[in-house]
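Undergrad: Sequence plus predicted model, see below.
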Amino acid sequence: MQTTREQITGLVLAGGRGRRMGGVDKGLQPLHGEPLAAHVMKRLAPQTGALLISANRHPDIYATLGAPYHAKVLADTLPDFPGPLAGILAGLRSASTACLLSAPCDSPWLPADLATRLAQALDANQADLATVTTIDAHGDTSLHPVFALMRTTLADDLAAFLAAGERKVRAWYARHKTVEVVFTDERPFYNANSLQELADLERNRGPG
């Protein structure tokens with residue numbers, strides 16, 4: 001059975017501490033005159049039937065950014081910023097669709113065919129999760145685990161995983177049938193973890 005756009009809820013992960021940016025709210029940092037998270041929403045929304053934003057600070061600002069997409073803002077249900085899986089759990093609990101597509105708030109050029117390619121792999125392999133691997137010009141591969149399409153039926157398992165004190169994304173994926181989708185252009189997955197990386201993005205207009 002084919003997973004369609006209407007069966008996918010998008011989730012922008014903007015709930016982190018932003019430690020490598022000095023503790024600022026990363027998703028609200030400007031890039032080419034717009035917050036990083038706004039760039040991600042603009043790319044993700046056309047690929048999904050609904051949109052959610054995981055944010056633990058400035059919910060009113062994120063609600064305003066998400067208003068054009070009717071996006072709902074979610075906070076973690078777990079204390080102390082336990083990482084992206086907590087945001088993913090909130091998304092899995094809130095989504096009313098069969099699948100959830102997560103993407104970080106600091107990758108403004110994510111591919112326009114991200115949902116399509118991950119859904120095709122998920123369906124073809126009858127998998128629980130599909131995530132991203134890129135290959136650079138030298139043939140080196142990189143995993144991008146927070147770009148992931150997953151079935152919302154995984155919510156209870158993730159809740160139990162987090163309740164046990166576990167936090168690692170890949171360790172949770174390893175509990176399920178996960179397929180890695182190879183993208184041969186790594187540029188759409190460039191992100192801004194630091195102010196220097198954000199400045200590097202500012203000097204560019206994106207891939208292609």
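TA: Received it, and whenever you're ready, just let me know what you need. Just so you know, these numbers come straight off a predicted model, no measurement behind them.
Undergrad: from here on, contacts and neighbour counts on C-alpha atoms
TA: Will do.
Undergrad: need the next SSE after the lengthiest strand in the chain, C-terminal direction.
TA: Counting by DSSP state E, the longest strand found in the chain is strand 141-151. Toward the C-terminus, strand 141-151 is succeeded by helix 155-163 as the next helix or strand (DSSP states H and E).
Undergrad: Can you give the contact residues for that following helix?
TA: Among residues not part of helix 155-163, those counted as contacts by Cα atoms under 8 Å, 6 or more residues apart in numbering are L85, A86, L89, L92, R93, R167, W172.
Undergrad: is it fair to say the last one lies in a helix?
TA: Meaning W172. Yes - secondary structure assignment places W172 in a helix (DSSP: H, G, I helix; E, B strand; the rest coil).
Undergrad: Show the contacting residues for the residue positioned nearest the centre of the chain.
TA: Most central in the chain under Cα atoms, centre = their mean is A103, positioned 1.4 Å from the mean C-alpha point. Residues counted as contacts of A103 (Cα under 8 Å, 6+ apart) are G10, L11, V12, L13, V40, V146, F147, A148.
Undergrad: does it have beta-bridge partners, and which?
TA: V12 (DSSP bridges).
Undergrad: Report the residue spans of this structure with pLDDT below the cut-off.
TA: Low-confidence segments of the chain, defined by pLDDT under 70, span residues 16-23, 81, 205-208.
Undergrad: So which residues of this structure form strands?
TA: 8-13, 30-31, 34-35, 50-54, 72-74, 99-104, 129-135, 141-151, 178-183.
Undergrad: R167: what's it in contact with?
TA: Applying Cα under 8 Å, 6+ apart to R167 gives the contacts P82, G83, L85, F161.
Undergrad: same question, P104
TA: When contacts are counted by Cα under 8 Å, 6+ apart, P104 touches V12, L13, A14, V40, V146, F147.
Undergrad: re earlier: out of the contacts of helix 155-163, which are buried?
TA: Neighbour counting over these (16 or more other Cα atoms under 10 Å) leaves L85, A86, L89, L92, R93, R167 as the buried ones.
Undergrad: Closest to H58 out of the residues you listed?
TA: Nearest to H58 among the buried ones among the contacts of helix 155-163, counting by Cα to Cα, is A86 at 17.4 Å.
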